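Chemist: compute the structure for the input listed below.
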Amino acid sequence: MTVSPMVVPFHSLQDADLIVDAVYKGGLRGSVADDPLGRLLPVGNQGGFRYAGSPLRGSVRLVVLYTSGVEPDWPDVLDEQTGEFTYFGDNRHHGRELHGTPRRGNILLRDVFAACHGDSVSRQRVPPFLLFAKAATGGRDVLFRGLLAPGEPTLSADDDLQAIWRGAQGMRFQNYQTRFTVLDAGIVPRAWLMDLVAGSPLSDNCPGVWREWVHGRSYRPMKAPATRVVRSRADQAPKIGPDRQILAEIHSYLAHMTLSTVLLNSGAWLHRRRVRLT
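Modeler: Numbering: from 1, shown residues only. Below you'll find the predicted structure:
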């Protein structure tokens with residue numbers, strides 16, 4: 001059985017909480033104004049790396065990371081079972097220095113990960129990262145994937161932020177590969193988002209997992225091991241078509257045979273029957 005996700009309509013975005021795996025609808029005008037992220041949060045309406053504030057002045061209050069999941073050269077990957085998220089910076093073309101991108105995203109990553117490994121005062125300057133992905137519902141709809149803290153519990157400063165070399169069209173360039181942890185916060189309340197923009201990240205509305213991370217660099221990841229679904233006999237049986245006919249003939253054929261004969265002959269018999277039916 002498929003369960004439909006919660007869907008937040010476009011007209012309700014400005015007042016909405018962020019709920020893990022809820023869909024936030026885009027508009028229907030056919031322009032960039034349809035982008036839901038710019039309406040949901042004060043971060044602009046274009047790009048995969050968006051923020052409120054200035055990386056150059058160190059005044060970023062919150063960050064949105066948007067991943068389309070369709071860039072094979074830069075595979076942003078969320079491991080839902082462990083809560084680990086791998087993200088690549090915004091220097092994705094040759095001809096620029098590592099930190100010379102128009103959006104200054106790699107400057108922000110550099111400074112954030114340095115502060116991540118400092119003391120609690122340093123971590124108070126780290127903006128929360130909010131992960132969104134392209135929704136399967138189409139259009140400009142987005143799916144909220146979780147609240148991110150930079151780094152992972154077992155990684156050092158040399159491991160969670162790495163400058164890696166890539167090549168394209170015979171030209172080489174550097175970009176960042178980063179590791180984040182999805183914190184165990186099923187809901188990010190609207191009240192806290194407003195507090196962040198106002199400069200109060202540790203207000204009474206702050207999720208406990210973020211407060212724990214700031215004070216002690218304690219990661220409480222959102223782990224979601226896959227459930228083991230055991231299908232019923234009725235669910236496993238084919239409903240229509242040649243497969244159902246094949247199954248009926250198998251039952252008839254095997255009804256009066258010994259196990260050894262079945263093992264010897266069933267493979268060849270199944271092949272002949274499938275060829276005839278198709």
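
Chemist: all the strands of this protein, residue numbers only.
Modeler: Secondary structure of the chain (DSSP state E): strands at 7-8, 18-19, 23-24, 49-52, 62-67, 77-79, 84-88, 129-134, 142-150, 161-168, 171-182, 187-188.

Chemist: check which helices and strands the fourth one sits against.
Modeler: In terms of contacts (3 or more Cβ pairs under 8 Å, 6 or more residues apart in numbering; DSSP states H and E), strand 49-52 is packed against strand 62-67, helix 105-116. Placement of C-beta: from N, CA and C, glycine included.

Chemist: may I have it exported as PDB, CA atoms only?
Modeler: Listed next in PDB are the C-alpha coordinates belonging to strand 49-52 (Å, rounded to 0.1, in the frame of the first residue of the first chain):
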ATOM      1  CA  PHE A  49      22.500  26.800  -2.400                       C
ATOM      2  CA  ARG A  50      20.500  29.500  -0.800                       C
ATOM      3  CA  TYR A  51      20.800  31.400   2.500                       C
ATOM      4  CA  ALA A  52      19.600  34.400   4.500                       C
END
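
Chemist: contacts for it, please.
Modeler: 37, 41-44, 60-66, 89-90, 103, 105, 108, 127, 196-197 (Cβ atoms under 8 Å, 6 or more residues apart in numbering).

Chemist: for that strand, buried residues please.
Modeler: Neighbour-count burial for strand 49-52 flags 49, 50, 51, 52 (criterion: 16 or more other Cβ atoms under 10 Å).

Chemist: then the longest one?
Modeler: When burial is assessed from 16+ other Cβ under 10 Å, strand 171-182 yields the following buried residues: 173, 174, 175, 176, 177, 178, 179, 180, 181, 182.

Chemist: output the residues you listed as a markdown table; include the columns pLDDT and distance to residue 134.
Modeler: Below are the buried residues of strand 171-182 laid out as a markdown table (pLDDT from 0 to 100; distance: Cβ to Cβ, whole Å):
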| residue | pLDDT | distance to residue 134 |
| --- | --- | --- |
| 173 | 88 | 26 |
| 174 | 91 | 27 |
| 175 | 91 | 21 |
| 176 | 94 | 22 |
| 177 | 94 | 21 |
| 178 | 96 | 20 |
| 179 | 97 | 22 |
| 180 | 97 | 18 |
| 181 | 98 | 22 |
| 182 | 98 | 17 |
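
Chemist: quick check, nearest of these to residue 217?
Modeler: residue 181 (10.6 Å; Cβ to Cβ).

Chemist: residues near residue 136, how many?
Modeler: 9 (other Cβ atoms under 10 Å).

Chemist: next up, the contacts around it.
Modeler: residue 143.

Chemist: returning to that earlier point: can the buried residues of strand 171-182 go into a markdown table with extra columns for distance to residue 191?
Modeler: Shown next, in a markdown table, are the buried residues of strand 171-182 (distance: Cβ to Cβ, whole Å):
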| residue | distance to residue 191 |
| --- | --- |
| 173 | 42 |
| 174 | 40 |
| 175 | 36 |
| 176 | 32 |
| 177 | 34 |
| 178 | 28 |
| 179 | 29 |
| 180 | 24 |
| 181 | 23 |
| 182 | 21 |
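
Chemist: give the contact list for the residue nearest to residue 27 when sequence neighbours are not counted.
Modeler: Closest residue in space to residue 27, ignoring its immediate chain neighbours: residue 34 at 3.5 Å, by Cβ to Cβ, 6 or more residues apart in numbering. By Cβ under 8 Å, 6+ apart, the contact set of residue 34 is 10, 26, 27, 28, 139, 140.

Chemist: so residue 34 versus residue 63, what's the distance?
Modeler: Remark: distance between residue 34 and residue 63 (Cβ to Cβ, to the nearest Å) = 22 Å.
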